[in-house]
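1. Coordinates for the following, if possible.
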Amino acid sequence: MTDPRIDLRAADLGISITETPNAKFRIVKVDYQDEVQAKGQHTIWFTVLNEQGKPLVGQQVWQDWIGRNPAEDPPAKAHTNLEGRCDIPMFHILHLDKKDGPYFAFAGRSDGSNSDHVNGMGLPENHHVNFLLTFQRVAQSPPPPPTKSAHLSISVDGAAPEVGSKVVIEVMNE
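-> Residues are numbered from 1 along each chain as shown. Reported below is the predicted structural model:
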């Protein structure tokens, strides 16, 4: 079954989404532009929205790739503009028969731990295309309030009161 968030043409190329548990950034849409629509570009376009669906300015996004040597080459990063958009170019091939696009992208932390990931992007047989990704920041639920519990132990001169004794307990809120 195809993920409804992914353009069918992108899904046919093997593009997929990995959802991260408790992600702060969720992928809401993956669009695809073919060679004609891309007009010579070969880019991953990012749009990042806040919880209300408005552009998120200055948000860091990442493009990483399979086989990258971390000691020699950092992942590509960009920051969103006033429209909540930015882009990072692609240069590596996606073989149609293998569906082996090397790029994956996410928003948020550099290790990708707080964002969904879009996987499998690249240039289909070296054709210049674009992928348009829309991420949305998710409202994080506040932690539940601490539960109040009390333990009550009653003694009179070190011994438990006799059954039927009257005990007065005063509770004070601090």
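2. All the strands of this protein, residue numbers only.
-> 16-18, 25-33, 43-49, 60-65, 76-79, 85-89, 93-94, 103-107, 117-121, 123-124, 130-137 (DSSP state E).
3. Deepest in the core, which of the ones you listed is it.
-> Of all the strands of the chain, strand 103-107 has the most neighbours on average by mean count of other CB atoms under 10 Å, namely a mean of 26. Every C-beta, even on glycine, is put in place using the N, C-alpha and C of the backbone.
4. Report the mean confidence score over it.
-> For strand 103-107, mean pLDDT is 98.
5. hmm, who's touching that strand?
-> Contact with strand 103-107 is made by 25, 44, 46, 48, 59-66, 88, 90, 92, 112, 115-122, 131, 133, 135, as judged by CB atoms under 8 Å, 6 or more residues apart in numbering.
6. Bridged to the residue most central in space within the chain, which residues?
-> Centroid-nearest residue in the chain: residue 115, 1.7 Å away (criterion: CA atoms, centre = their mean). Taking DSSP bridges, one obtains residue 25 as the residues bridged to residue 115.
7. Hmm, residue 22 and it touching each other?
-> No: look at residue 115 against residue 22 with CB atoms under 8 Å: they stay out of range, at 10.7 Å.
8. where do the contact lists of these two overlap?
-> Joint contacts of residue 115 and residue 22 (CB under 8 Å, 6+ apart) do not exist.
9. could the strands of the chain go into CSV alongside distance to residue 162?
-> Shown next, in CSV, are the strands of the chain (distance: least, CB to CB, whole Å):
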stretch, distance to residue 162
strand 16-18, 66
strand 25-33, 63
strand 43-49, 68
strand 60-65, 69
strand 76-79, 74
strand 85-89, 77
strand 93-94, 83
strand 103-107, 67
strand 117-121, 68
strand 123-124, 87
strand 130-137, 62
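10. now this structure, which segments are flagged as low pLDDT?
-> Low-confidence segments of the chain (pLDDT under 70): 141-144, 147-161, 163-174.
11. Swap in 80 and give it another go.
-> 1, 140-174 (pLDDT under 80).
12. quick one on the thing from earlier: now do the contacts for the residue nearest to the centre of the chain.
-> Contacts of residue 115 by CB under 8 Å, 6+ apart are 20, 23, 24, 25, 26, 106, 107, 108, 109, 135.
13. any chance of the residues you listed in JSON lines, with distance to residue 12 too?
-> Output for these, formatted as JSON lines (distance: CB to CB, whole Å):
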{"residue": "20", "distance to residue 12": "24"}
{"residue": "23", "distance to residue 12": "26"}
{"residue": "24", "distance to residue 12": "30"}
{"residue": "25", "distance to residue 12": "25"}
{"residue": "26", "distance to residue 12": "23"}
{"residue": "106", "distance to residue 12": "22"}
{"residue": "107", "distance to residue 12": "25"}
{"residue": "108", "distance to residue 12": "28"}
{"residue": "109", "distance to residue 12": "31"}
{"residue": "135", "distance to residue 12": "22"}
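14. Nothing else from me, thank you.
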